[in-house]
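> based on what follows, work out the 3D shape:
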Amino acid sequence: MELIIGPRLYSTWSLRPWLVLKRAGADFTAREVSYRTEDQKAELRRLSPSGFVPLLKVDGETIWDTLAISEWAAEHYPDARLWPVDPTARALARSATAEMHSGFAALRDLCGMGPDHPLAGETRSTAPSDPALDRDLGRLVVLWRQMRARFGVNGPWLFGDWSIADAFFTPVAARVRHYQIDLGAHGDVDGTAQAYIEALLAQPDFQAWEKDGLANVA
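From the prediction side, this is the model:
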């Protein structure tokens with residue numbers, strides 16, 4: 001089983017299924033590829049049906065897209081409980097994950113990750129002032145506070161136990177850290193959202209990813 005990923009230093013989409021597969025206990029290797037030059041992009045198009053990372057090669061098949069890989073892992077590693085066991089929590093975890101997968105365009109555009117804005121390490125930047133970004137951050141704070149209040153009693157994660165939803169929000173935590181975003185200014189009145197950010201950043205698998213990313217800096 002091989003997971004083809006982008007640069008660990010800034011490939012947020014690659015981080016998500018990597019975290020999921022690690023949590024599942026899957027026996028896989030990760031191959032890091034770049035896509036900055038035209039030759040590298042052409043090679044990636046040869047590997048990936050979509051021309052993007054990540055993609056999982058397993059049992060003679062190629063599975064592309066972060067969410068598809070995560071769902072594949074949930075089906076093949078049921079004992080890992082990658083989605084909440086409770087049906088209501090599971091439905092809301094899927095809703096939150098899907099919203100992250102397809103939404104928050106302003107956050108992605110204005111607080112992007114790249115060679116100059118790594119998700120790993122001590123490099124810091126400043127978030128721009130923008131109404132659309134404020135709306136995205138406010139929505140994230142509301143979502144995190146609501147789910148933590150309803151389901152977070154049994155652990156530090158969004159639905160108590162770690163789930164795919166947490167994998168999808170881990171790159172957001174890195175963005176909040178890198179761009180020095182004050183969640184208190186976006187409705188986090190008691191620090192619930194910030195505490196969730198800190199839990200994501202302290203998770204051992206993320207820290208391993210971060211360490212490997214920094215080790216590969218040229």
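> give the contact list for the most centrally placed residue in the chain.
By C-alpha atoms, centre = their mean, the mean C-alpha position of the chain lies nearest to residue 168, the distance being 3.5 Å. Shown in contact with residue 168 (C-beta atoms under 8 Å, 6 or more residues apart in numbering): 16, 66, 70, 96-97, 100-101. (Glycine included, C-beta is placed from N, CA and C.)
> tell me which element it is part of?
Per DSSP states H and E: residue 168 is located in helix 164-178.
> what's next to the worst-scoring helix or strand of the chain on mean pLDDT, contact-wise?
Ranking every helix and strand in the chain by mean pLDDT, DSSP states H and E puts helix 38-47 at the bottom, with a mean of 90. Outside helix 38-47, the residues that touch it by C-beta under 8 Å, 6+ apart are 4, 33-35, 51-53, 55.
> filter the residues you listed down to just the buried residues.
4, 33, 35, 52-53, 55 (16 or more other C-beta atoms under 10 Å).
> next, the angle helix 164-178 makes with the biggest helix by length in the chain.
In the chain, assigned by DSSP state H, the helix with the most residues is helix 131-151. With axes from the mean of the first three to the mean of the last three C-alpha atoms, to 10 degrees applied, the angle from helix 131-151 to helix 164-178 works out at 130 degrees.
> give me the contacts around helix 131-151.
With C-beta under 8 Å, 6+ apart, helix 131-151 has contacts from 84, 86, 89, 92-93, 96, 99, 103-107, 110-111, 127, 158-160, 165, 169, 172, 181, 183, 186-188, 192-193, 196.
> what about it, distance to the chain center?
16 Å (C-alpha atoms, centre = their mean, to the nearest Å).
> quick one: buried residues of that helix?
For helix 131-151, by 16+ other C-beta under 10 Å, it's 133, 136-137, 139-141, 143-145, 147-148, 151.
> just the strands from this protein, written as ranges.
2-5, 29-32, 55-58, 61-64 (DSSP state E).
> distance between the last one and the chain's centre?
Taking C-alpha atoms, centre = their mean, one finds strand 61-64 lying 19 Å from the centre of the chain it belongs to.
> run me through the strand neighbours of that strand, direction for each.
Applying DSSP bridges, strand 61-64 is found paired with strand 55-58 (antiparallel).
> for the partner strand, give the mean pLDDT please.
Mean pLDDT, computed over strand 55-58, is 98.
> residues making contact with that strand?
Under C-beta under 8 Å, 6+ apart, the answer for strand 55-58 is 1-4, 17, 21, 28, 47-49, 62-64, 69, 72.
> what separates the residue of the chain most remote from its centre from residue 71, distance-wise?
Residue farthest from the centre of the chain, counting by C-alpha atoms, centre = their mean, is residue 39 at 27.3 Å. As for residue 39, its distance to residue 71 is 32 Å (criterion: C-beta to C-beta, to the nearest Å).
> please apply the same query to residue 65.
Residue 65 is 9 Å from residue 71, by C-beta to C-beta.
> repeat for residue 144
Counting by C-beta to C-beta - residue 144 and residue 71 are separated by 22 Å.
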